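Participant: here is a sequence together with a model predicted from it:
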Amino acid sequence: VQTTDDGAVVIDDNGAGNIIRATDGSGTTDFVATTNLVVDMLAGTGNQLDVDLDSALAGDLTLNLLDGARNVNMVGSNNGIGGSFTVIAGSDMQSLEIGVNAGLTVGADLMFDLGSGLDSVDEDNNDIGITGNMTFISVNFFENGGTATIGGNVLVDSTGEVEDTLFDDDATLTITGNLTFNGGSGRDEVTMNGVAGGTSIGGFANVDVADNTTGGTQFVFFNLPNASVGGALTVTSTSAVNPDSFSMHPAAAVGGDIVVDLGDGPNDALFSGVFSGASGSYLGGSGVDNVSLSATAGGMDFEVYLGESYDSFALDAGALLNSLYLDFGLCEASSAAEQGANFIDGFSGQYPFEVEIANFYCAVTPIPARDLERPALRARPGRDPAHRRRRLLRSAGGSGHPEPGRTAARFSHLPAPSGGAVETVDDRR
């Protein structure tokens, strides 16, 4: 326990018989042999803490940093912890360098709770091996540049933080369990772009970038071919003004269902890769949505709800689904030049799967609100009994005919399929 402000502190195991000792400006103190090590820093100081382990610690390591801006450096040649590794801090900025001269190994769980302030964790491009779970609370910056292997789950929780949060893999990250990311009110990024062994998540990935009050674009990227999620992938945002962007590499893989709910504000989403789940969905809101789909997902029913605006959807000729339901939402255009949603169709002729399109228009005059403002997942508004009054324009096998009083030009972007089925739903009453 540091009781007086005597400057920077060094904890090492260089005493006689590898005994633990502490050194600061007042001198060196030896401690009895110990299995577990707890270090309590003096609150309100900016004293640096160096932990120099040249032999593995058999038990747990706990660092209580309390308030004050500090640097904590794991500078040993071993950096082995047989039990758990816990760091708890209060207010102000904390910077943790956990692999200055050697990789870090933890025999149980790792938990860093760094409190308020702009806090960071850096492994100095060295390896990390954690047998149990890895939990980051109020850690605003982590960028993996080595080989990180987590035997349990990973939780990154910045709830309540006003600073931006970045969680990034630039090399090799293997998570045996699940990944959960909870953002704060700053701009958040989750980028799984490992260029070495890539990013592998054995369970589900649940990424909530939350609100964004600081400006700029929030990113959720799985942008390299060796990125994979074994279970379901869920991405959500509550940012109503600033942009969100989601994308996946064509060779990335998701083993379960996919939900991407970016809500209001301008959004971009690229659905590429190999999807093995049964259900996929995208939900936009009142801002402009630009969505592209080129995934290989032959067993997946995919639903796209673009919300209220002048939106764009691109369907790549290489896309393979079980079915596609596409709802362009309601839009109030400010001029005749803005009429018509943008549907970029990569197919010519027959679709290899069922395609159903709703609200493919943008009217200059106001449009009455729909009964169902935000459809529930897996609910098809055009097939719901509450919407039987809707008039349908249907074509199948290239033999569709507009109903009396309607013009086919309103749906001029739609293909004339020769074998697949296209259904467009006009929701105006």
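Facilitator: Perfect, thanks for sending it.

Participant: so, low pLDDT: which residues of the stretch 51-200 of the chain?
Facilitator: Screening the stretch 51-200 of the chain residue by residue with the criterion pLDDT under 70, one finds the ranges 196.

Participant: ranges for the helices of it?
Facilitator: All residues of the stretch 51-200 of the chain lie outside helices when identified by DSSP state H, counting those that start in this stretch.

Participant: what's next to whichever strand or helix holds Val291, contact-wise?
Facilitator: Secondary-structure assignment from DSSP states H and E places Val291 in strand 289-293. Judged by CB atoms under 8 Å, 6 or more residues apart in numbering, the contacts made with strand 289-293 from elsewhere in the structure are 262, 266-272, 282, 284, 302, 304, 306-307, 309, 311-316, 319, 324. C-beta: built from backbone N, CA, C; applies to glycine.

Participant: rerun that using 7 Å as the cut-off
Facilitator: Under the criterion CB atoms under 7 Å, 6 or more residues apart in numbering, residues 267-271, 282, 302, 304, 306-307, 309, 311-316, 319 lie in contact with strand 289-293.

Participant: measure the nearest residue to Leu293 once chain neighbours are set aside to Val260 for me?
Facilitator: For Leu293, the nearest residue in space outside its immediate sequence neighbours is Phe271; the separation is 4.6 Å by CB to CB, 6 or more residues apart in numbering. Relative to Val260, Phe271 is positioned 8 Å away (CB to CB, to the nearest Å).

Participant: could you do Ser247 as well?
Facilitator: 10 Å.

Participant: how about Gly284?
Facilitator: From Gly284 to Val260 the distance is 9 Å (CB to CB).

Participant: give me the more crowded residue out of those two.
Facilitator: Neighbours of Gly284 and Val260, each counted by other CB atoms under 10 Å, are more numerous for Gly284; the result is 29 against 24.

Participant: mind checking the SS state of the spatially closest residue to that one that is not a sequence neighbour?
Facilitator: Leaving out its chain neighbours, the residue that sits closest to Gly284 by CB to CB, 6+ apart is Gly307, at 3.9 Å. With DSSP: H, G, I helix; E, B strand; the rest coil as the basis, Gly307 sits in coil.

Participant: burial count for Gly307?
Facilitator: 24.

Participant: go ahead and confirm Gly177 touches Asn153.
Facilitator: Yes - taking CB atoms under 7 Å as the contact criterion, Gly177 and Asn153 are neighbours in contact, 3.8 Å apart.

Participant: Ala269 versus the residue nearest to Leu53 when sequence neighbours are not counted, what's the distance?
Facilitator: Nearest in space to Leu53, with sequence neighbours left out and distances taken as CB to CB, 6+ apart, is Gly76 at 3.6 Å. Between Gly76 and Ala269 the computed distance is 45 Å (CB to CB).
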